[in-house]
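[1] After the sequence you'll find the predicted model.
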Amino acid sequence: MCVLSGASSASASTSSDDPSVEVLDQLSAVAPEVASEIVPGDSSSTDDGSAAAVVTEDTLTLTSEVGSFELKAPGVNGNEAVEPFVLDDASAMFAIRLNNADAARNYDFEITTADDVTGTIMKNGGVIFTNTAGEAVGVVAAPWAKDATGKDIPTWFTLNGGVLTQSVDVDSVENVVYPVIADPYAGQYLVQSAWVTWQPGNSGYVVHAVPSAIGTQVQDQAFLGEWTKDLKTKLGSNAYLVSSSIENQYHCHVIYTTWGGGGPTWDMESWRPDIWWWVQAAAGCNP
């Protein structure tokens, strides 16, 4: 799921009869990197082969072999609008637009999932929902919010039982230019794709991994085991190639990315010595 929240001033006029088009235009203006991930057209589902996301008018559902995770949008009135979108990596979003100054500042999303699933707010403000086996059933990325000029607006999650609440504090910022867009998003898999290339003469191999949009938001050390599981899932029959050395290099990339390093593709080489990931981090994951 991805949740986006926009606002327009009380005197603003609408430019389209389709609210989803308007909200997408607003999102594209302040966060084009997020808007580019939205599946074009009016698609209501996306599937990457290992997970799927489906949206209806008021419900977002993620499914995988781990289980299902559902969020139901809050009710709105004439001061707000809610629009769902699916993204191309089996994640999705609700777009919440605040139409005027009387719009709500807090939005409650009802959670439906298995009884053994627990939500944890991560250090970066995102939320991960795991079962008793430690498997991620759903991940909600850290929220952010910007006004029409790109100014940051405070926003955060709170979790209370079966309700995830997003708060957007436009009142604490001076000279806010509407609309305001806030965009957390969620999915299930941390790894978008993974593959192996072999060196000439069978001298070794390289495991390549591309983190998903959700994965780039989950660099918390507590979930490194989930990262390894997702890597092996994406590698399929090549999962056995994840040696201790490969895993340590991989974990280093996971953590190093949150420090501002790394790149869009992570490469782990079989011939490198097996060094603990936190030691490798000092060398930029290239000891």
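    Everything's here; your move. Worth saying up front: this structure is predicted, and the values here are computed from it rather than measured.
[2] and residue 31, how far is that from residue 74?
    22 Å (C-beta to C-beta, to the nearest Å). All C-beta atoms are positioned from the backbone trio N, CA, C, and that covers glycine.
[3] For residue 103, which non-adjacent residue is spatially closest?
    Nearest residue to residue 103 in three dimensions, chain neighbours excluded: residue 79, at 4.1 Å (C-beta to C-beta, 6 or more residues apart in numbering).
[4] What is the burial count for that neighbour?
    15 (other C-beta atoms under 10 Å).
[5] For it, give me the pLDDT.
    pLDDT for residue 79: 80.
[6] From residue 99, how far off is it?
    Distance of residue 79 to residue 99, given as C-beta to C-beta: 5 Å.
[7] how about the strands in the stretch 1-150 of the chain?
    All strands of the stretch 1-150 of the chain, identified by DSSP state E, counting those that start in this stretch, fall at 3-7, 45-47, 51-55, 59-64, 67-72, 80-86, 92-98, 106-113, 118-121, 127-130, 136-140, 145-146.
[8] Need the winner for burial among these.
    Most buried of the strands of the stretch 1-150 of the chain, by mean neighbour count (mean count of other C-beta atoms under 10 Å): strand 3-7, with a mean of 29.
[9] what does the longest helix along the chain contact?
    For the chain, the longest helix by residue count, based on DSSP state H, is helix 244-258. If you take C-beta atoms under 8 Å, 6 or more residues apart in numbering as the criterion, helix 244-258 is touched by 124, 207, 209, 211, 216, 219, 221, 224, 227-228, 231, 242, 262, 266, 268-270, 272-278, 280-281, 284-285.
[10] buried ones in the following helix or strand past it?
    For helix 244-258, the following helix or strand on the C-terminal side (DSSP states H and E) is strand 266-269. When neighbours are counted by 16 or more other C-beta atoms under 10 Å, the buried residues of strand 266-269 are found to be 266, 268.
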